[in-house]
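1. return atomic coordinates for the entry below.
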Amino acid sequence: MGCQYLGFKFKSLAFEHFKLRTECHEAVARYGGNAIIHLIGNNLEQCFNAVAANTRNKVLSRQLHASAICYHSLMHTVSYRRHRFPAEVIQHAVWLYFRFPLSFRDVEDLLAQRGIDVSYETVRRWSVKFDLAYARKLRRLRPRSDGRWHLDEVFVSIHGKRMYLWRAVDSEGEVLDILVQSRRNKKAALKLMCKLLKKQGFVPDAFITDKLPSYGAALGDLGLSKRHDFGGRKNNRAENSHLPVRQRERRMQRFKSPGSAQRFLSTHAAIYNTFYTQRHLISRSTLRQFRDEATEQWRQVTAAA
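-> Now for the predicted structure:
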């Protein structure tokens, strides 16, 4: 079965069933003697299985199921085999890129100052290869969020088209979820809330939003209107949480596509939550303790499986 047919079959069925907003990445990945289109997305494993279930070709079905297993192992394990540079260099490069508002060329210069000769394209490939695995492991280590969720949306320009970045944070500023959408209506708000409730596993005490009517309509459909709180300056926590995103957007000279924006911001949020501390509210000794704990978590997550 040729790569062209397989790519068409995958896109037509998987995107129809799961409506994923992903983009082709790294062209072709080899598996089982045949080339398959390797797409990066949160539900790619399910997409492989969905296509396999809908095709009558038994050979193609077996290859797609095997690809789902291969994808699962790649996204949930970290391996630095066959890399020219040691694992410590790769981990530090990825950490620099996502932790601070730096470009790939900035990371290249910082590594060169330490005597490590690596190109910015290599740093980009490292960030693309390991970001999802790092982010998933970091999310598992996070404690449960508190019972007050702040929801807000901010527009971003992608290829001249206005898109909306829906974000949710708790009362301490920890990012709960991010969703890039093209609309600012009830359907978009409902999608964010359903994703939040499924991911967090509990219903919060309060949903704090601005006066956008879409939030009230979505909460009404969910039967949670009594938990809705808005007005005044109650949602300043969400408004202030947009600042790191705006800094990265300017540094990257805007996002290139909705899929790449969703991917980058999801990983950025996981790393941001790990190292975020409200340093103006704690002593220096407590700050050192929190920083050491975050560094230890990063070492555990980035260790090779």
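
2. drop to CA atoms for contacts and neighbour counts, all remaining ones
-> Noted.

3. element containing residue 152?
-> Here residue 152 sits within strand 148-158, counting by DSSP states H and E.

4. name the helices or strands packed onto that strand?
-> strand 161-170, strand 206-209, helix 236-240 (3 or more CA pairs under 8 Å, 6 or more residues apart in numbering; DSSP states H and E).

5. find the nearest non-adjacent residue to the residue nearest the centre of the chain, please.
-> By CA atoms, centre = their mean, the mean C-alpha position of the chain lies nearest to residue 266, the distance being 2.1 Å. Distance criterion CA to CA, 6 or more residues apart in numbering; nearest residue to residue 266, sequence neighbours excluded, is residue 178 at 6.4 Å.

6. give me the sheet partners of the helix or strand containing that neighbour and which way each runs.
-> Per DSSP H and E, residue 178 falls inside strand 175-181. For strand 175-181, the paired strands and their directions (DSSP bridges) are strand 161-170 (antiparallel).

7. dump the partner strand to PDB, keeping only the CA atoms.
-> Extracted in PDB, the C-alpha atoms of strand 161-170 (Å, rounded to 0.1, in the frame of the first residue of the first chain):
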ATOM      1  CA  LYS A 161      -6.800  35.400  10.400                       C
ATOM      2  CA  ARG A 162      -8.100  36.300  13.800                       C
ATOM      3  CA  MET A 163      -8.200  33.300  16.100                       C
ATOM      4  CA  TYR A 164      -9.100  33.100  19.800                       C
ATOM      5  CA  LEU A 165      -7.000  31.600  22.500                       C
ATOM      6  CA  TRP A 166      -9.300  30.300  25.300                       C
ATOM      7  CA  ARG A 167      -7.400  29.800  28.600                       C
ATOM      8  CA  ALA A 168      -8.300  28.600  32.000                       C
ATOM      9  CA  VAL A 169      -6.300  29.200  35.200                       C
ATOM     10  CA  ASP A 170      -7.000  28.600  38.900                       C
END
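
8. any chance you could list what contacts it?
-> 145-157, 175-184, 189, 192, 237-238, 241, 258 (CA atoms under 8 Å, 6 or more residues apart in numbering).

9. only the buried subset of the residues you listed, as a ChimeraX command please.
-> Buried subset of the contacts of strand 161-170, written as a ChimeraX selection, criterion 16 or more other CA atoms under 10 Å:
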select :145,148,149,150,151,152,153,155,156,175,176,177,178,179,180,181,184,189,192,237,238,241,258
